[in-house]
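Colleague: Sequence and predicted structure below; questions after.
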Amino acid sequence: MKPFRVIVTSGGSLITALLSCLPLGCCVFPAAFSFLGAGGLTFAMALMPYRPYFVALTALFLGVGFYFAYRPQPAQQCAPGAACATQQSRKLQRVSLWVIAILTLALLAFPYVLPYLPVT
């Protein structure tokens, strides 16, 4: 057999073996994810005493993000005839930071709002 043909045959066999695992997605993966979910919930409950520290760390990181998003940019000193980089807009950075901050505040407030939500 030629070496090229061996490579193609071996590669095809490997791809076939990998693709044969796809039908497991309907049966095995949902069960595995449900076990991971239960384990993840247990792990999250174990971290509950550290929630104030995580909230403080989140507030610190958001504060640093707002500092870097809104700090004044230094004026560039360009020599005459030299090429300088143009100032980049921070609009996308600021908008995404505000979206993340609002989502974070909503998630932080959720445990306090949860008892007042109507249950059907």
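Modeller: Yep, it's here.

Colleague: I'd like to know how many residues surround residue 69.
Modeller: Residue 69 has 15 neighbours, counted by other CB atoms under 10 Å. C-betas here are computed from N, CA, C, even on glycine.

Colleague: Check which helix or strand it maps to.
Modeller: Per DSSP states H and E, residue 69 falls inside helix 51-70.

Colleague: Next, the buried residues of that helix.
Modeller: residue 65 (16 or more other CB atoms under 10 Å).

Colleague: Which positions within the next helix-or-strand element following it qualify as buried?
Modeller: Next along the chain after helix 51-70, taking DSSP H and E as the criterion, comes helix 91-113. By neighbour count on 16+ other CB under 10 Å, the buried set for helix 91-113 is 97, 101.

Colleague: so where's the chain shaky on pLDDT?
Modeller: 1-14, 16-41, 85-87, 120 (pLDDT under 70).

Colleague: so how far does stretch 63-77 reach from one end to the other?
Modeller: Using CA to CA, to the nearest Å, one end of stretch 63-77 lies 29 Å from the other.

Colleague: again with stretch 42-59
Modeller: Stretch 42-59 has an end-to-end distance of 25 Å (criterion: CA to CA).

Colleague: Give me the contact list for that stretch.
Modeller: 104, 108 (CB atoms under 8 Å, 6 or more residues apart in numbering).

Colleague: What angle do helix 91-113 and the helix holding residue 69 make with each other?
Modeller: 160 degrees (axes from the mean of the first three to the mean of the last three CA atoms, to 10 degrees).

Colleague: Going forward, the N-terminal residue is numbered 72.
Modeller: Fine by me, first position is 72 from now on; the one you just mentioned is helix 122-141.

Colleague: Could you pull up the residues touching residue 146?
Modeller: So residue 146 contacts nothing (CB under 8 Å, 6+ apart).

Colleague: measure it to residue 153 for me?
Modeller: 15 Å (CB to CB, to the nearest Å).

Colleague: what does residue 142 give?
Modeller: On the measure of CB to CB, residue 142 and residue 153 end up 25 Å apart.
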